[in-house]
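Colleague: Requesting a structural model of the entry that follows:
(one chain, ligands or ions: 2)
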Amino acid sequence: MRGFNSFSCIRPGNGLFVEVTTKQNEIRFRIDTLAHCFGVSNCGRMRSYETKVGGTKSCTCCIHPRIVTLSNESLESKHSLSDQLHSNLKKYGWSSIRYDEGNLTTSSWKDERFVPLFRCQESFQTSRYSFQYRTNESGGSQQELKQSWEVSFFDEPTNSTMDPLQQEVQRNMVEWFELFHRIAVSLCRHLQLPPNILLEEDPQSQRLDLMRAFFYETAEENSCEDEVVTLGSNPHTDWGSFTIVWQDEVGGLQTYCRSCELWTDVTPVPNTFVVHCSDITSLALQTEWPSPLHRVLSPKHERRASLVYFGYPPRHLSLKNIAGSLSSFRDPQHRQSNDDDSAPSEFSEETLECYSLLQNQALGKGASSAAKHQLERIYNMPIQQIIQDKWQQVQRY
Ligand SMILES: O=C(O)CCC(=O)C(=O)O
Ligand SMILES: [Fe+2]
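Modeller: Ligands and ions are numbered 1, 2, ... in the order given. Prediction:
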């Protein structure tokens, strides 16, 4: 082929590509219909795309990020892992991780812990935590077929008593909540982020963090080839600092590759977790790490179990405080001027529209609520207030 350096056919992960290299650029054509002939599952239709490898719009779906093990051993010997984690988050906005604490195995969680958990369906509070049971909810246009338990902090005196089923909920949810918080703290250490900026690490302070256990109901006809799929979770980005997800072997979590315009499966791997960089971290890092758009397909045959931990920065900090701490941490020469309270103005409306944090989710899909204006409005607000306003926008029952 005249004008081209090389021409090859590759199949790096989910999909089949024809890769053409020229002197200036690398162009890939994705051939999804052929991918189906090879038994590769894909949710996109036939399309071609062009990408400059290494550019900001490079493909993020054709190769899955390498799994990184977070270990409590000396961090000095772990530089290569930390580099891999940085590189995954920078390129994909997410990474798969293993957490090296004791002999952590997650294979029994669904049968031994989820099933008893959902025998109880009545919300309750203790003097430290609130436990909420929900059936349906919607973060977008469609109702989501799932039940969930949520644990969050609560500090009002209460003298209610728990029945044995509620005691079981408390035991499981608090154990998971604290385990996932330790994973998130370990993640921040591996990323060499300053303490107490993206996560509340002071045990005396009340955290904004949440932990949710989901049971997704089946939708038998669900198929990726259909235009309309039944979703257990509508497409969204997470609002906080980091999200940590554990999913059972049923799968269904997908991330969106913006340059290929394709949904890609996040394939479950036993004893691993998925970390998402969420909106606050992404915005505070000047969008250097993307906040991945993701969704969950309803399972076809068997209920799907997942645990999702939503980490938040300390409640009194603002995006401006967090951005300032992260930039001076990365670049000690950097001094943020204290009298400039305005949000960074270099981001386009198109870039900022990708953040659920900056959309009014009460208005439904496609409604424009001027993301740039929203960033300016919230830039100096305490995170607690921003998140309280966001909860008003999503419907939960
Ligand atoms: O259940 C999952 O795997 C992810 C759910 C999710 O993205 C969310 O609740 O924000
Ligand atoms: Fe999410």
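Colleague: How about the protein: which residue is closest to ligand 1?
Modeller: residue 306 (3.5 Å; C-beta to the nearest ligand atom). C-beta: built from backbone N, CA, C; applies to glycine.
Colleague: Verify the stated contact: that residue with residue 214.
Modeller: Yes - using C-beta atoms under 8 Å, residue 306 makes contact with residue 214 at a distance of 4.8 Å.
Colleague: and the stretch 101-250 of the chain, which residues reach ligand 1?
Modeller: Contact residues (C-beta under 6 Å from any ligand atom) of the stretch 101-250 of the chain with ligand 1: 214, 233, 238, 245, 247.
Colleague: Apply 5 Å and report the result again.
Modeller: 214, 233, 245, 247 (C-beta under 5 Å from any ligand atom).
Colleague: what's the burial count for the last one?
Modeller: Other residues lying near residue 247 total 25 when counted by other C-beta atoms under 10 Å.
Colleague: which residues touch it?
Modeller: Residues in contact with residue 247, defined by C-beta atoms under 8 Å, 6 or more residues apart in numbering, are 253, 266, 268, 274, 304-306.
Colleague: From what I see, residue 229 and residue 297 are in contact.
Modeller: Yes - here residue 229 reaches residue 297: they are 5.8 Å apart, a contact under C-beta under 8 Å.
Colleague: re the thing from before, adding distance to residue 343, secondary structure and pLDDT, write the residues of the stretch 101-250 of the chain next to ligand 1 out as TSV.
Modeller: Formatted as TSV, these follow (distance: C-beta to C-beta, whole Å; DSSP: H, G, I helix; E, B strand; the rest coil; pLDDT from 0 to 100):
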residue	distance to residue 343	secondary structure	pLDDT
214	33	strand	97
233	29	strand	94
245	29	strand	98
247	35	strand	97
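Colleague: between those, which is nearest residue 96?
Modeller: Using C-beta to C-beta, residue 245 comes nearest to residue 96 of these, at 9.8 Å.
Colleague: List only buried entries from the residues of the stretch 101-250 of the chain next to ligand 1.
Modeller: 214, 233, 245, 247 (16 or more other C-beta atoms under 10 Å).
Colleague: Now distance to residue 187 too, for those residues, in JSON lines please.
Modeller: Below are these laid out as JSON lines (distance: C-beta to C-beta, whole Å):
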{"residue": "214", "distance to residue 187": "21"}
{"residue": "233", "distance to residue 187": "22"}
{"residue": "245", "distance to residue 187": "13"}
{"residue": "247", "distance to residue 187": "18"}
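Colleague: Among these, which one lies nearest to residue 88?
Modeller: Comparing these against residue 88 with C-beta to C-beta picks out residue 245 as the nearest, at 14.5 Å.
Colleague: contacting residues for the closest one?
Modeller: So residue 245 contacts 253, 273-276, 306-309 (C-beta under 8 Å, 6+ apart).
Colleague: how about 10 Å then?
Modeller: Residue 245 sits next to 94, 96, 180, 212, 214, 238, 253, 266, 268, 272-276, 294, 296, 306-310 when contact means C-beta atoms under 10 Å, 6 or more residues apart in numbering.
Colleague: about what we covered before: need the residues touching each of residue 306 and residue 214.
Modeller: 114, 146, 148, 232-233, 245, 247, 296.
Colleague: Which pair of the residues you listed spans the longest distance?
Modeller: Once C-beta to C-beta is applied, these give 114 and 233 as the farthest pair, at 16.9 Å.
Colleague: quick one, strands of the stretch 101-250 of the chain?
Modeller: 124-125, 129-138, 144-153, 210-216, 231-236, 242-247 (DSSP state E, counting those that start in this stretch).
Colleague: now the last one, how far from the chain's geometric center?
Modeller: Looking back up the chat, that one is strand 242-247. 6 Å (C-alpha atoms, centre = their mean, to the nearest Å).
Colleague: Grab the most central residue of this protein for me.
Modeller: residue 276 (3.4 Å; C-alpha atoms, centre = their mean).
Colleague: Just list the residues touching the closest residue to that one other than its chain neighbours, thanks.
Modeller: Excluding the flanking residues, the one nearest residue 276 by C-beta to C-beta, 6 or more residues apart in numbering is residue 243, at 4.2 Å. For residue 243, the contact set (C-beta under 10 Å, 6+ apart) comprises 94, 180, 184, 210, 237, 273-278, 281, 291-292, 294, 308-311.
Colleague: For residue 243, list each beta-bridge partner.
Modeller: Counting by DSSP bridges, residue 243 is bridged to residue 276, residue 310.
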